[in-house]
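Trainee: Quick one, fold the following:
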Amino acid sequence: MEPASHSNRYVTRAQVYLLGRQSVVEEELARFLTDEGLLFTTDTKVAAEVLNEVAGRTCYMSFGKGRKSNQEYLENILSSKHGSVLEHAVWNLLITGVSRSLTHELVRHRAGFGYSQLSQRYVDEGDARYVIPPLYQENEALRRKWEQTIEHLRKAYAELAEATAAYVQQKHPEMPPRDRRKWARQAARSILPNACETKIFVTGNSRAWRHFLEQRGSPHADTEIRLLAVEIGHILKRESPGIFHDVELVDEPDGFPSVRISYSKV
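Mentor: Down below sits the predicted model:
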């Protein structure tokens, strides 16, 4: 691998890729309705919103009764805090350009989430990128001092990993090269800073995403994860205006955007 140029070594914002969304198996929904002698139509084309409505109506077998529009139905779900219904809608996001510091906080959101993250045991971090904290992005002098520190750590990691690999080879000459590299990297990674860039695949249901947006999009949250929450909020509002219609993205006096949710803790 060619070494990254100095300008490409530092990351200033996350990238979020929407890789997966649900679809409705229309034939099976129709079979269920026929078997139960029910009539049901909905006015949304968003699969997640259809599935949430079907889940909610199953609780009361209210197909073809009561509220007519999907938006009206989901509004009632949110206002009555029937949050379990929202667990049936799922999105898959691949997130890059975030720090290990951020993912330490992200993976604390357990209920309703699944994670697969880049491994520092198997991936050589000698040419890793580093995420510049937002505060340092606005002050050139602090940014230079921060970058100098990172470059020192980058060199230290490379030297330590090389020396460790040589030691492991001497101690265990019978060990396959892949295992020797893993041993060396898992020891040397102990000096890598929280700013080290990582990539993480995240699957979450809409109830879990709403909780993440409310907690991490708050002005009281760490700025890096707060900006990520805002970006994810944009994506999910486009994906499902019905489920996330009460999610508001606003500019705060501190100069950074935040997330506000009308129906809290659903």
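Trainee: Got the confidence number for the residue lying closest to residue 123 once chain neighbours are set aside?
Mentor: Spatial nearest neighbour of residue 123, chain neighbours left out: residue 185 (7.7 Å); criterion: C-beta to C-beta, 6 or more residues apart in numbering. No exception for glycine: its C-beta is placed from N, CA and C like everyone else's. Looking at residue 185, its pLDDT reads 94.
Trainee: for residue 185, what are its contacts?
Mentor: If a contact means C-beta atoms under 8 Å, 6 or more residues apart in numbering, then residue 185 has 120-125, 161 as its contacts.
Trainee: ok, now residue 101?
Mentor: Residue 101 makes contact with 131, 194-195, 222, 224, according to C-beta under 8 Å, 6+ apart.
Trainee: Can you tell me the centre-most residue of this protein?
Mentor: residue 202 (5.0 Å; C-alpha atoms, centre = their mean).
Trainee: Any idea what that residue is bridged to?
Mentor: Note on residue 202: beta-bridge partners residue 93, residue 115, judged by DSSP bridges.
Trainee: Once you drop chain neighbours, what's closest to residue 143?
Mentor: residue 136 is the one closest to residue 143 (C-beta to C-beta, 6+ apart), at 4.6 Å.
Trainee: As a check, name the ranges of all strands in the chain.
Mentor: When assigned using DSSP state E, the strands of the chain occupy the ranges 10-11, 15-21, 90-99, 113-117, 130-131, 197-205, 247-251, 257-261.
Trainee: From the chain's centre, how far out is the first one? Work that out for me.
Mentor: Put simply, strand 10-11 sits 19 Å off its chain's centre (C-alpha atoms, centre = their mean, to the nearest Å).
Trainee: Same question for the fourth one.
Mentor: Going by C-alpha atoms, centre = their mean, the spacing between the C-alpha centre of strand 113-117 and its chain's C-alpha centre is 8 Å.
Trainee: For the closest residue to residue 160 other than its chain neighbours, the count of nearby residues, please.
Mentor: Excluding its sequence neighbours, the residue lying closest to residue 160 (C-beta to C-beta, 6+ apart) is residue 188, at 4.7 Å. Neighbourhood size, residue 188 [other C-beta atoms under 10 Å]: 23.
Trainee: Enumerate every residue touching residue 188.
Mentor: 157, 160-161, 164.
Trainee: Surely residue 8 and residue 129 touch.
Mentor: Yes - under the criterion of C-beta atoms under 8 Å, residue 8 makes contact with residue 129 at 7.1 Å.
Trainee: Relative to residue 150, how far out is residue 143?
Mentor: As judged by C-beta to C-beta, to the nearest Å, residue 143 and residue 150 stand 10 Å apart.
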